[in-house]
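In: predicted structure and sequence below. I'll ask about it afterward.
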Amino acid sequence: MAWKESVRVASVLAGPHRSGRAGNLSSTGIFIETTNLLDLGDPLVLAFPTAGGAPLNVTARVRWVSPFGDAADAQPGMGIEFVGLDARKRSRLEALLVGVPVAAEDPPR
């Protein structure tokens, strides 16, 4: 799905936070348009914006990089795979996919 939002990218290994434009969000990963590329396999945390203000944080790793984009879309960036998603986080990501506002935290039970 062509989901276009800014996503904060925190690399576990490379230090400072970065932001990239997100595209092609799915329940298993996302493409981040950026020229600040990480190495294959690097672990990171993505902070997705939510309706409540505080982000939805998802752990992930870099699966592939495209420093120059391709012929169809000249945007450089990284293919990111989500890792360790529990059912609750996966369902919240899927809600983002279909445009349902997602709160930062689930209400207490």
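Out: Structure received. Predicted model only: the values in this text are computed from it and were never measured.
In: residue ranges in this protein under the pLDDT threshold?
Out: 1-8, 10-19, 69-74, 101, 103-109 (pLDDT under 70).
In: what about 80?
Out: Scanning the chain for pLDDT under 80 picks out 1-25, 49-54, 68-75, 96-109.
In: what's the longest strand in it?
Out: Among the segments of the chain that qualify as a strand by DSSP state E, the longest is strand 56-66.
In: contact partners of it?
Out: Residues from elsewhere that reach strand 56-66, judged by C-beta atoms under 8 Å, 6 or more residues apart in numbering: 29-30, 37-48, 50, 75-85, 89, 92-93, 96, 102, 104. Using the backbone N, CA and C atoms, a C-beta is placed for each residue, glycine as well.
In: please repeat the previous calculation with a cut-off of 7 Å.
Out: 29, 37-48, 50, 76-85, 89, 92-93, 102, 104 (C-beta atoms under 7 Å, 6 or more residues apart in numbering).
In: which residue ranges of this protein form strands?
Out: 6-11, 17-23, 29-33, 43-48, 56-66, 77-82.
In: before we move on, back to that, between strand 43-48 and the longest strand of the chain, find me the angle.
Out: Relative orientation of strand 56-66 versus strand 43-48 (axes from the mean of the first three to the mean of the last three C-alpha atoms, to 10 degrees): 120 degrees.
In: out of the strands of the chain, which is the most enclosed?
Out: Mean neighbours per residue, mean count of other C-beta atoms under 10 Å, is largest over those for strand 29-33, with a mean of 23.
In: what does it rub up against?
Out: Counting contacts by C-beta under 7 Å, 6+ apart, the residues outside strand 29-33 that touch it are 7, 9, 20-24, 63, 75, 77-82.
In: closest one of those residues to Ala54?
Out: For the contacts of strand 29-33, the closest approach to Ala54 (C-beta to C-beta) belongs to Val7, at 14.3 Å.
In: adjacent strands (with direction) for the longest strand of the chain?
Out: Each strand paired with strand 56-66, and its direction, by DSSP bridges: strand 43-48 (antiparallel), strand 77-82 (antiparallel).
In: got a list of what the residue most central in space within the chain touches?
Out: The centre of the chain sits closest to Leu46, judged by C-alpha atoms, centre = their mean, with a distance of 4.8 Å. By C-beta under 7 Å, 6+ apart, the residues touching Leu46 are 7, 9, 58, 60, 80.
In: no more questions from me, cheers.
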